[in-house]
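K.L.:
based on what follows, work out the 3D shape:
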Amino acid sequence: MSTDYLVNITIPMLEGAKITILLFLIAIAFSIPLGFFITLLSQSNNKVISGISKSYVYVMRGTPLLLQLLFICFGLPMIPVIGEYLVMDRFVAACLGFILNYAAYFSEIFRGGLLSIDKGQYEAAQVLGFSRSQTTIKIILPQMFRIALPAVSNESITLIKDTALLYAVAVPELLHFAQTAVNRDFTIVPFFIAGIIFLLLTLVLTAIFRWLEHKFKFE
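P.N.:
Numbers count the residues shown, from 1 in each chain. The predicted model follows:
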């Protein structure tokens with residue numbers, strides 16, 4: 001197998017990898033804040049708000065991400081009356097699906113982080129004269145994020161791999177170009193190259209989160 005062939009099939013896959021990375025960055029940028037917001041809603045004293053947020057998490061975690069992507073891309077436009085207004089670009093629809101799905105997972109991660117903090121810290125902060133907002137911002141949230149960081153790291157690595165699901169909704173990402181090359185040339189080499197690219201992306205992401213964990217651990 002010639003070097004030219006490897007270069008010719010790798011270049012399109014690298015172009016597809018740009019879509020993979022872009023989706024990952026968009027999903028992370030929006031799903032983490034949304035997940036934290038959902039966590040706050042789930043802790044609300046209002047049972048309606050709390051119930052809605054918990055039901056949302058249950059539905060999004062209890063159904064496959066692929067099903068959610070298919071519903072957003074192909075199901076929403078079929079809704080009577082309003083369907084025509086819900087037609088979206090495939091990439092935009094995929095971004096929305098990933099954000100909504102991963103927000104639910106990050107919400108549970110943050111909820112676990114909050115529950116792991118000793119209730120005595122709230123009482124101690126109150127004795128020291130901290131307001132509720134000061135206690136939350138200066139004491140509780142830094143600890144919560146530090147505790148949740150390893151789980152956020154694992155979920156982020158899962159996210160970068162799940163971007164391969166874009167293939168199912170006809171968004172030309174990394175796996176799309178690999179599959180195209182396999183079908184055209186009757187060789188599995190493109191799959192190996194795609195795997196290497198995913199491994200490199202995961203390696204970079206792992207290194208970033210290890211640096212963050214080290215930084216938060218010792219500060």
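K.L.:
now do the contacts for residue 17.
P.N.:
173, 174, 197, 201 (CB atoms under 8 Å, 6 or more residues apart in numbering). Glycine gets a C-beta too; all of them are placed from N, C-alpha and C.
K.L.:
what's the helix or strand for it?
P.N.:
Using DSSP states H and E, residue 17 sits within helix 3-42.
K.L.:
does residue 117 count as helix, strand or coil?
P.N.:
coil (DSSP: H, G, I helix; E, B strand; the rest coil).
K.L.:
closest to residue 211 out of the contacts of residue 17?
P.N.:
Closest approach to residue 211 among the contacts of residue 17 (CB to CB): residue 201, at 16.1 Å.
K.L.:
was I right to think the closest one contacts residue 20?
P.N.:
Yes: the criterion here is CB atoms under 8 Å, and residue 201 meets it with residue 20 at 7.3 Å.
K.L.:
okay, these two: which has more neighbours?
P.N.:
Legend: neighbour count by other CB atoms under 10 Å for residue 201 and residue 20, higher for residue 20 (24 against 19).
K.L.:
just the pLDDT for that one.
P.N.:
In this prediction, residue 20 carries a pLDDT score of 92.
K.L.:
ditto for residue 83
P.N.:
Looking at residue 83, the pLDDT reads 87.
K.L.:
so what's it up against?
P.N.:
Residue 83 makes contact with 76, 77, according to CB under 8 Å, 6+ apart.
K.L.:
on that earlier part again, narrow the contacts of residue 17 to those in strands?
P.N.:
The strands, defined by DSSP state E, take in nothing from the contacts of residue 17.
K.L.:
state the distance from the spatially most distant residue from the centre of the chain to residue 138.
P.N.:
Centroid-distance maximum for the chain: residue 127 at 38.7 Å, with CA atoms, centre = their mean. Distance check for residue 127 against residue 138: by CB to CB, to the nearest Å, it reads 15 Å.
K.L.:
cool, and residue 96?
P.N.:
Residue 96 is 34 Å from residue 138, by CB to CB.
K.L.:
which one of these two has more residues nearby?
P.N.:
Neighbour comparison, residue 96 and residue 138: the larger count goes to residue 96, with 19 against 12 (by other CB under 10 Å).
K.L.:
now the angle between helix 3-42 and the helix or strand hosting the more buried one, please.
P.N.:
Taking DSSP H and E as the criterion, the element that holds residue 96 is helix 90-115. Per axes from the mean of the first three to the mean of the last three CA atoms, to 10 degrees, the angle that helix 90-115 makes with helix 3-42 is 50 degrees.
K.L.:
and helix 90-115, what does it pack against?
P.N.:
helix 3-42, helix 47-62, helix 65-70, helix 141-162 (3 or more CB pairs under 8 Å, 6 or more residues apart in numbering; DSSP states H and E).
K.L.:
heading C-terminal from that helix, find the next helix or strand.
P.N.:
helix 120-127.
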